[in-house]
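A.B. asks: A predicted structure for the sequence below; I have some questions about it.
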Amino acid sequence: MQKQVFKILAKVNKIILPSYSKQQLDLAKANKLQMAIIGWRWFITKNALD
């Protein structure tokens, strides 16, 4: 059940949150909000994978 929740959150993240890799964002120049979004997306993606 928990895996399904993370998969749904991953799909929502893909639709709503910006993709900084496509924008070629330099992590050294990212502000705190951007770093928080990157961390959140990483956490959800890590847990959604099999």
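C.D. replies: Perfect, I can see it now. Numbering: from 1, shown residues only.
A.B. asks: can we go C-alpha only for contacts and neighbour counts from here?
C.D. replies: OK.
A.B. asks: Tell me, what's the model's pLDDT at the residue nearest to the spatial centre of the chain?
C.D. replies: Geometric centre of the chain, nearest residue: Arg41, 1.5 Å, by C-alpha atoms, centre = their mean. Here the pLDDT value assigned to Arg41 is 90.
A.B. asks: Which secondary structure state is assigned to it?
C.D. replies: Per DSSP: H, G, I helix; E, B strand; the rest coil, the secondary structure class of Arg41 is helix.
A.B. asks: now it, nearest residue through space, not along the chain?
C.D. replies: In this structure, Arg41 finds its nearest non-sequential neighbour in Asn13, 6.9 Å apart by C-alpha to C-alpha, 6 or more residues apart in numbering.
A.B. asks: Please identify which helix or strand holds that neighbour.
C.D. replies: helix 2-16 (DSSP states H and E).
A.B. asks: May I see the buried residues of that helix?
C.D. replies: 6-7, 9-10, 13 (16 or more other C-alpha atoms under 10 Å).
A.B. asks: Report the mean confidence score over that helix.
C.D. replies: For helix 2-16, the per-residue pLDDT averages 90.
A.B. asks: Alpha carbons of that helix, as CSV, please.
C.D. replies: Output in CSV follows, covering the C-alpha atoms of helix 2-16 (Å, rounded to 0.1, in the frame of the first residue of the first chain):
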residue,chain,number,x,y,z
GLN,A,2,2.8,2.4,0.9
LYS,A,3,4.5,1.8,-2.5
GLN,A,4,1.2,2.8,-4.3
VAL,A,5,1.0,6.1,-2.4
PHE,A,6,4.6,6.9,-3.4
LYS,A,7,3.8,6.1,-7.1
ILE,A,8,0.8,8.4,-7.0
LEU,A,9,2.8,11.1,-5.4
ALA,A,10,5.5,10.7,-8.1
LYS,A,11,3.0,11.2,-10.8
VAL,A,12,1.6,14.3,-9.1
ASN,A,13,5.2,15.6,-8.7
LYS,A,14,5.9,15.1,-12.4
ILE,A,15,2.8,17.1,-13.3
ILE,A,16,3.0,19.9,-10.7
